[in-house]
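Q: Output the structure for:
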Amino acid sequence: MRKFFIFAEQLITATCLMIYSGSPIDALLTEGFTVKQDDRIIFRLLFTFTYIVTLCLITLRWKKVTYVFSRDKFIWILLLVCVLSSFWSIDSDTTIRRVFGLTGTMLFGLYLASRYTLKQQLKLCAYMLGISAVLCFLFVFFIPQFGIDPAFNSWRGIYPQKNVLGKTFVLSGAVFFFLAMTNRENHWVLWLGYVTSGLLVFLSKSTTSIGNFIIITFAFFIYYRILTLKYKLMIPILTLLSTIGITFYIWFISQADTVLGSVGKDTTLTGRSELWTAVLEMIAKKPWLGYGYGAFWIEQNGYSASVIETIQWNAPNAHNGFLDLWVALGLLGILVFAIGFVVNLLRAIYLIRREQTSENLWLLVYLTFIILSNITETSLLEQNSLEWILYVSAILSSKVPTRTNL
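A: Next up, the predicted model:
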């Protein structure tokens with residue numbers, strides 16, 4: 001009977017992860033991702049279901065949850081800033097509603113860290129992402145009107161558009177690669193998952209995601225091999241790699257027209273540079289506290305209208321997680337996030353050198369993924385986001401002894 005309850009809990013957890021990641025329900029209910037008002041009600045019910053499940057599961061083991069909750073203060077201070085932003089928000093009702101969703105999302109990350117070890121969490125993610133990969137292929141082959149993104153003639157699978165597919169399977173590739181490198185069992189299955197993830201990233205035709213997939217793969221080797229070297233070797237090698245990286249970046253910027261033009265891209269990154277300029281102009285009007293969590297991009301308030309009028313296309317967000325954080329919470333939010341991020345980054349590097357544990361390697365790689373994925377898209381401090389759930393769980397799991405999770 002105990003095994004049955006454990007299996008049932010894992011099944012419920014994987015189901016919630018699927019809802020947060022993006023399920024085929026998104027496509028089937030929205031008639032090819034044209035979201036209607038009635039569709040939003042269904043999605044809200046799905047996410048409300050995950051919040052209720054999370055509260056129930058947390059209640060069952062509140063002592064462990066309380067202990068894990070106390071392991072990192074900056075995560076919860078950032079959530080507190082979101083709550084307080086309702087007092088100066090341009091749309092307090094929207095902010096309160098979205099803070100409710102963000103709280104449920106972060107509590108699910110807390111639940112994962114308190115209930116499962118890091119590898120158990122990632123195995124559940126691997127099962128879910130493996131199912132998602134199979135569904136993406138089925139959608140493309142059998143219902144291509146949903147599986148193919150007509151705007152770009154690229155794959156989008158069960159997701160709203162190609163960039164979401166690409167970003168999701170960059171994360172999937174990182175999960176499968178980590179498990180393949182740190183597990184002795186089911187190697188061929190895990191490597192198959194990694195290769196399939198890379199194939200889906202390629203078929204998404206998302207240039208950013210393809211680059212991020214390559215960077216994340218190399219990050220595992222760099223962090224694991226170089227950071228464990230003696231200082232006499234580590235510092236020169238890191239200096240060399242940094243020099244090469246900066247040189248390449250300067251060359252890429254100077255040759256942007258030629259490089260991007262050769263792959264059918266423009267130097268505005270599909271309109272993002274104009275969007276970022278327009279968003280920065282709006283940030284300058286409320287730089288310290290921002291417009292309130294989740295409130296700026298609401299059409300009814302009209303504040304985002306000037307941005308859309310400038311860029312001449314309907315942007316749902318800033319396509320940059322850091323700008324969206326700034327526009328929502330101002331420099332206060334940026335400062336709180338940055339302090340927590342840097343503290344955990346330096347801590348992960350220190351612990352990799354001292355203990356060489358897989359938890360700290362994953363934390364460092366995942367922090368890298370968070371930075372990369374938020375340069376041209378937004379998942380930072382986002383409600384109902386798998387990426388933010390795993391950010392919370394990665395930080396907390398790295399600070400909890402393995403025996404505490406069992």
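Q: what helix or strand is residue 277 on?
A: Using DSSP states H and E, residue 277 sits within helix 272-283.
Q: so what does that helix touch, helix or strand wise?
A: Counting by 3 or more C-beta pairs under 8 Å, 6 or more residues apart in numbering; DSSP states H and E, the packing neighbours recorded for helix 272-283 are helix 305-311, helix 321-354. Where you see a C-beta, it was placed from the backbone N, CA and C, and this is true even at glycine.
Q: ok, residues contacting the first one?
A: Contact with helix 305-311 is made by 271, 274, 275, 278, 279, 282, 299, 314, 315, as judged by C-beta atoms under 8 Å, 6 or more residues apart in numbering.
Q: Surely the last one touches residue 282?
A: No: contact status for residue 315 versus residue 282: not in contact, 11.9 Å apart, counting by C-beta atoms under 8 Å.
Q: overlap in contacts of those two?
A: Residues touching both residue 315 and residue 282 (C-beta under 8 Å, 6+ apart): 304, 307.
Q: returning to that earlier point: which one of the contacts of helix 305-311 sits closest to residue 24?
A: residue 314 (25.3 Å; C-beta to C-beta).
Q: and the closest one, how many neighbours?
A: By the measure other C-beta atoms under 10 Å, the count of residues near residue 314 is 8.
Q: list the contacts for it?
A: For residue 314, the contact set (C-beta under 8 Å, 6+ apart) comprises residue 308.
Q: confidence score at it?
A: On pLDDT, residue 314 comes in at 83.
Q: Ok, residue 406 next?
A: Residue-level pLDDT assigned to residue 406 equals 35.
Q: about what we covered before: quick one: closest of the helices and strands packed on helix 272-283 to residue 167.
A: Closest approach to residue 167 among these (C-beta to C-beta): helix 321-354, 11.2 Å.
Q: next one: the closest one to chain centre, how far?
A: Distance of helix 321-354 from the chain centroid (C-alpha atoms, centre = their mean, to the nearest Å) equals 14 Å.
Q: what's that helix packed up against?
A: helix 74-84, helix 272-283, helix 358-373.
Q: average model confidence for whatever helix or strand residue 202 lives in?
A: Element membership of residue 202, judged by DSSP H and E, is helix 187-203. Average pLDDT, helix 187-203: 95.
Q: And stretch 49-67, by the same measure?
A: Averaging pLDDT along stretch 49-67 gives 93.
Q: can you list contacts of that stretch?
A: Here stretch 49-67 makes contact (C-beta under 8 Å, 6+ apart) with 9, 12, 16, 19-20, 101, 104, 107-108, 110-111, 114-115, 400, 404.
Q: from these, which would you call buried?
A: Neighbour-count burial (16 or more other C-beta atoms under 10 Å) applied to the contacts of stretch 49-67 gives 12, 16, 19-20, 101, 104, 107-108, 110-111, 114-115, 400.
Q: among those, which are in helices?
A: Judged by DSSP state H, the subset of the buried ones among the contacts of stretch 49-67 located in helices is 12, 16, 19, 20, 101, 104, 107, 108, 110, 111, 114, 115.
Q: Just give me the closest of those to residue 368.
A: Each of those was scored against residue 368 by C-beta to C-beta, and residue 20 proved nearest at 21.1 Å.
Q: Identify, from the buried ones among the contacts of stretch 49-67, the entry nearest to residue 81.
A: The nearest member of the buried ones among the contacts of stretch 49-67 to residue 81, counting by C-beta to C-beta, is residue 101 at 15.9 Å.
Q: my read: the closest one touches residue 381, true?
A: No: with contact defined as C-beta under 8 Å, residue 101 does not count as touching residue 381 (11.4 Å).
Q: ok so, going back, out of the helices and strands packed on helix 272-283, indicate the one that is most buried.
A: Most buried of the helices and strands packed on helix 272-283, by mean neighbour count (mean count of other C-beta atoms under 10 Å): helix 321-354, with a mean of 18.
Q: The buried ones among the contacts of stretch 49-67 into CSV, with extra columns for distance to residue 169 and pLDDT?
A: Output for the buried ones among the contacts of stretch 49-67, formatted as CSV (distance: C-beta to C-beta, whole Å; pLDDT from 0 to 100):
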residue, distance to residue 169, pLDDT
12, 24, 93
16, 20, 94
19, 18, 92
20, 15, 94
101, 24, 95
104, 25, 96
107, 26, 97
108, 21, 97
110, 26, 97
111, 25, 97
114, 28, 94
115, 26, 94
400, 28, 86
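Q: what are the phi and psi angles of residue 148?
A: Dihedral pair for residue 148: phi -110, psi 130, per degrees, to the nearest 10.
Q: who's in contact with residue 16?
A: By C-beta under 8 Å, 6+ apart, residue 16 lies in contact with 50, 53, 54, 108.
Q: Could you rerun that using 7 Å?
A: 50, 53, 108 (C-beta atoms under 7 Å, 6 or more residues apart in numbering).
Q: ditto for residue 88
A: By C-beta under 7 Å, 6+ apart, the contact set of residue 88 is 289, 292.
Q: Quickly note the distance from it to residue 337.
A: Distance from residue 88 to residue 337, counting by C-beta to C-beta, to the nearest Å: 18 Å.
Q: ok, now residue 150?
A: 36 Å.
Q: try residue 395
A: Where residue 337 is concerned, residue 395 sits at a distance of 12 Å (C-beta to C-beta).
Q: Repeat that for residue 211.
A: Per C-beta to C-beta, residue 211 is found 24 Å from residue 337.
Q: likewise residue 125?
A: Separation of residue 125 from residue 337 (C-beta to C-beta) stands at 23 Å.
Q: And residue 113, by the same measure?
A: In this view, residue 113 and residue 337 are 19 Å apart by C-beta to C-beta.
Q: and if you look at residue 351?
A: Distance from residue 351 to residue 337, by C-beta to C-beta: 21 Å.
Q: Also residue 23?
A: Using C-beta to C-beta, we find residue 23 at a distance of 29 Å from residue 337.
Q: Then residue 237?
A: From residue 237 to residue 337 the distance is 30 Å (C-beta to C-beta).
Q: Is residue 197 in contact with residue 171, as I believe?
A: No: Residue 197 is beyond contact range of residue 171, at 8.4 Å (criterion: C-beta atoms under 7 Å).
Q: list residues touching both of those two?
A: Looking at what touches both residue 197 and residue 171 (by C-beta under 7 Å, 6+ apart), there is no common residue.
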